[in-house]
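Coordinates for the following, if possible.
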Amino acid sequence: MPEQTALYAEHILARRDALPLKPAPVVLEGRFVRLIPLDLDRDVETLFRVSNGSAITLGKRAVPEYDADALIWRWMFAGPFGSAGELREHLQAQVNAANGLPYTVFDLASGSAVGVANYINNAPKDLKIELGSIWYGAIAQRTNANLEATYLLLRQAFDLGYLRLEWKCDARNERSRRSALRMGFQFEGIQDAHMIVKNQRRDTSWYRILADEWPGVKQHLEVLLQF
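Here you go, the predicted model:
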């Protein structure tokens, strides 16, 4: 491990001025999903349809009516939503974020939007950024959607020169915690009483991947994705 007092090389420090506060809106393409910067007019109706608990069929996959709170929204900052308009209002804040960028995740097999993943809390001066406000409709859960979307977002960020990628979740969110570890994030601890969400105390689990850890994590993810 490098000494904490070691100075970064000049070419690394130069990245801080090259990276914008709001991440550039590029399209990220994989084998299973395509990530396109969220367009509310294009995406909201479909995103509501795949996340409101109604039975849905996409291609060869189908799910019956389900509990949207239990499967999607319980540990998120908002939701479930009673209408596409309510979901749009929630997503508008992510679109407007000065230091974040929401992506709509499209399933390539069906062409349908199936979820949302964000770059949030971008801090180019510290060469760190967070993946957060991530959710998928029940139709996309237990598929490669989250795994590949996360891989694409990580690869893009480290290719741009970030040194640290963060992932946080409610400490009670066991699915998210297992997912972070499965994908190669390192657990850093729990911040107690970190915030109040839906009128409840939230203890937050912190995870990270550092730039020097990325080659090994990248290989691990590519094995999981059978690249």
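
show me the contacts for Ser51.
Taking C-beta atoms under 8 Å, 6 or more residues apart in numbering, we find Ser51 in contact with 68, 72-73, 79-81, 87, 115, 135, 137-138. Using the backbone N, CA and C atoms, a C-beta is placed for each residue, glycine as well.

what pairs with Thr57 across the strands?
Thr57 has these beta-bridge partners by DSSP bridges: Ala62.

Next secondary structure after the longest helix along the chain?
Determined from DSSP state H, the single longest helix within the chain is helix 145-160. Note on helix 145-160: by DSSP states H and E, the next helix or strand toward the C-terminus is strand 164-170.

Partner strands of that next one and their direction?
Strand 164-170 sits in its sheet next to strand 128-136 (parallel), strand 200-210 (antiparallel), going by DSSP bridges.

sorry, back to before: filter the contacts of Ser51 down to the buried ones, PyMOL style.
Per 16 or more other C-beta atoms under 10 Å, the buried members of the contacts of Ser51 correspond to this PyMOL selection:
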select buried, resi 68+72+73+79+80+81+87+115+135+137+138
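
Show me the helices in this protein, by range?
Along the chain, counting by DSSP H, helices occupy 10-13, 15-18, 40-49, 68, 84-96, 145-160, 174-182, 214-224.

Same list, the strands paired with strand 164-170, but as JSON lines with distance to Tyr8 please.
Formatted as JSON lines, the strands paired with strand 164-170 follow (distance: least, C-beta to C-beta, whole Å):
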{"stretch": "strand 128-136", "distance to Tyr8": "13"}
{"stretch": "strand 200-210", "distance to Tyr8": "13"}
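
Which among those is found nearest to Gln186?
Closest approach to Gln186 among the strands paired with strand 164-170 is made by strand 200-210 (5.6 Å; C-beta to C-beta).

buried residues in that closest one?
202, 204-209.

hmm, who's touching it?
Strand 200-210 is contacted from outside by 154, 163-173, 176-177, 180-181, 184-196, 217, using C-beta under 8 Å, 6+ apart.

7 Å instead?
For strand 200-210, contacts defined as C-beta atoms under 7 Å, 6 or more residues apart in numbering pick out 154, 163-171, 177, 180, 184-196, 217.

From those residues, list the buried ones, please.
The buried subset of the contacts of strand 200-210 (16+ other C-beta under 10 Å) comprises 154, 163-171, 177, 180, 184-185, 194, 217.

picking that back up, CSV for the buried residues of strand 200-210, including distance to Asn144 and pLDDT?
Shown next, in CSV, are the buried residues of strand 200-210 (distance: C-beta to C-beta, whole Å; pLDDT from 0 to 100):
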residue, distance to Asn144, pLDDT
Arg202, 29, 98
Thr204, 27, 98
Ser205, 24, 98
Trp206, 26, 98
Tyr207, 20, 98
Arg208, 23, 98
Ile209, 19, 98
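
With distance to Ile36 as new columns, can these be given to me in CSV?
Shown next, in CSV, are these (distance: C-beta to C-beta, whole Å):
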residue, distance to Ile36
Arg202, 30
Thr204, 29
Ser205, 29
Trp206, 29
Tyr207, 26
Arg208, 26
Ile209, 24
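
Out of those, the closest to Asn146 would be?
Ranked by distance to Asn146 (C-beta to C-beta), the buried residues of strand 200-210 are led by Tyr207 at 14.4 Å.
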